[in-house]
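A.B. asks: Any chance you could fold what I've pasted below:
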Amino acid sequence: MENMLLVGLSRQMVLERQMDVVANNVANVNTNGYKADKSLFQEYLKSGAHEDNFVGTDRSVSYVQDNGTFKDFSQGPAEPTKSPLDVAIDGGGFLVVQTPAGERYTRDGALQINNQGQLVTAAGNPVLGTSGPIVFQPTDKEVSIAADGNVTVLEGTNRIDAVRGKLRLVSFVQAQQLLKEGANLYSAGNGAAAQPDTASRVRQGFIEKSNVNSVAEMSRMIEVTRAYTHISNVLQQQSDLHKSAIEKLADVPA
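C.D. replies: Purely as a prediction, here's the structure:
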């Protein structure tokens, strides 16, 4: 296969994977706390086709190679909800939740109270405090969540301040090692050890929205589609040129 076809094919394969990344970002533009994925590319140089009896060295051929993706952990916009159980995190911290598969981490602060009085995520996973799950009493009123994550309530008819726990916030030195598991959850990958986060602050009554720029992602989707179509046309023209050349070579005069 000629180098031009190989280069075009490598570019199309990368564009297809890039489209998957962009489409996933667009699909999560309204997902609370979602962090966009970005594609990584580099030039891959490899010697072209050659034989041992060629004179001199052959020129290198430049291919396209995608190394994978990285996560954009930039802060998303905070949207007021007026719900006392909703929290947004200012900083690089994560909430810790308990799932059947173990501890997981999320930036989605849309919280609620389940039938057992536990503070849980929208998916029903208990939110962990520094001393375990945070549990409320049936008579608790006026939940207050401080900037440091301390959760207090007015207890009973006497309206006495009572502490129900403190949100456990963690951060990661190598946050790119976190693995997305779906349902807005991350698991700690190799080298991504959770550390207590005292720098991040909690904002009660707010939700952090997705940091996906919908206009930029839609523009990128159009660019990827046009690039793929352009390469397809070039490869088709190259194929037609070969076909024409073979037909002419086979047309031997009588």
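
A.B. asks: where does Leu15 land on pLDDT?
C.D. replies: Listed pLDDT for Leu15 reads 86.

A.B. asks: okay, now Tyr228: neighbour count?
C.D. replies: If you count neighbours by other CB atoms under 10 Å, Tyr228 ends up with 17. Bear in mind the C-beta positions are built from the backbone N, C-alpha and C, glycine included.

A.B. asks: Please disregard the earlier target; I meant Pro138.
C.D. replies: When neighbours are counted by other CB under 10 Å, Pro138 registers 6.

A.B. asks: That one: what secondary structure?
C.D. replies: Following DSSP: H, G, I helix; E, B strand; the rest coil, Pro138 is assigned to coil.

A.B. asks: Let me know whether it touches Ile113 as I believe.
C.D. replies: No. With contact taken as CB atoms under 8 Å, Pro138 and Ile113 are classed as non-touching, separated by 10.2 Å.

A.B. asks: residues contacting Leu95?
C.D. replies: For Leu95, the contact set (CB atoms under 8 Å, 6 or more residues apart in numbering) comprises 87, 89, 105-109, 121, 127, 167-169.

A.B. asks: repeat that for 7 Å
C.D. replies: By CB atoms under 7 Å, 6 or more residues apart in numbering, the residues touching Leu95 are 105-106, 109, 127, 167, 169.

A.B. asks: Now do stretch 196-203, average pLDDT.
C.D. replies: 95.

A.B. asks: in that stretch, what counts as buried?
C.D. replies: Neighbour-count burial for stretch 196-203, with 16 or more other CB atoms under 10 Å as criterion, is recorded at 197, 200-203.

A.B. asks: now stretch 84-99
C.D. replies: Under the neighbour-count criterion of 16+ other CB under 10 Å, stretch 84-99 has 85-89, 92-99 buried.

A.B. asks: So which residues of the stretch 151-254 of the chain form helices?
C.D. replies: Using DSSP state H, counting those that start in this stretch, the helices found in the stretch 151-254 of the chain span residues 214-250.

A.B. asks: Show me where it dips below the pLDDT cut-off.
C.D. replies: By pLDDT under 70, the low-scoring segments of the stretch 151-254 of the chain are 157-158, 250-254.

A.B. asks: Go again with 80.
C.D. replies: When residues are selected by pLDDT under 80, those of the stretch 151-254 of the chain lie in 156-160, 189, 191-192, 237-254.

A.B. asks: Check the stretch 1-150 of the chain too.
C.D. replies: Within the stretch 1-150 of the chain, the stretches with pLDDT under 80 are 1-10, 40-68.

A.B. asks: Tell me where it has strands.
C.D. replies: 37-47, 60-71, 78-80, 87-90, 94-99, 102-106, 111-113, 119-121, 128-129, 132-133, 141-145, 150-155 (DSSP state E, counting those that start in this stretch).

A.B. asks: Next, format the ones you listed as JSON lines and append distance to Arg220.
C.D. replies: Rendered in JSON lines, the data for the strands of the stretch 1-150 of the chain read as follows (distance: least, CB to CB, whole Å):
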{"stretch": "strand 37-47", "distance to Arg220": "10"}
{"stretch": "strand 60-71", "distance to Arg220": "13"}
{"stretch": "strand 78-80", "distance to Arg220": "24"}
{"stretch": "strand 87-90", "distance to Arg220": "27"}
{"stretch": "strand 94-99", "distance to Arg220": "27"}
{"stretch": "strand 102-106", "distance to Arg220": "26"}
{"stretch": "strand 111-113", "distance to Arg220": "33"}
{"stretch": "strand 119-121", "distance to Arg220": "30"}
{"stretch": "strand 128-129", "distance to Arg220": "37"}
{"stretch": "strand 132-133", "distance to Arg220": "41"}
{"stretch": "strand 141-145", "distance to Arg220": "37"}
{"stretch": "strand 150-155", "distance to Arg220": "41"}
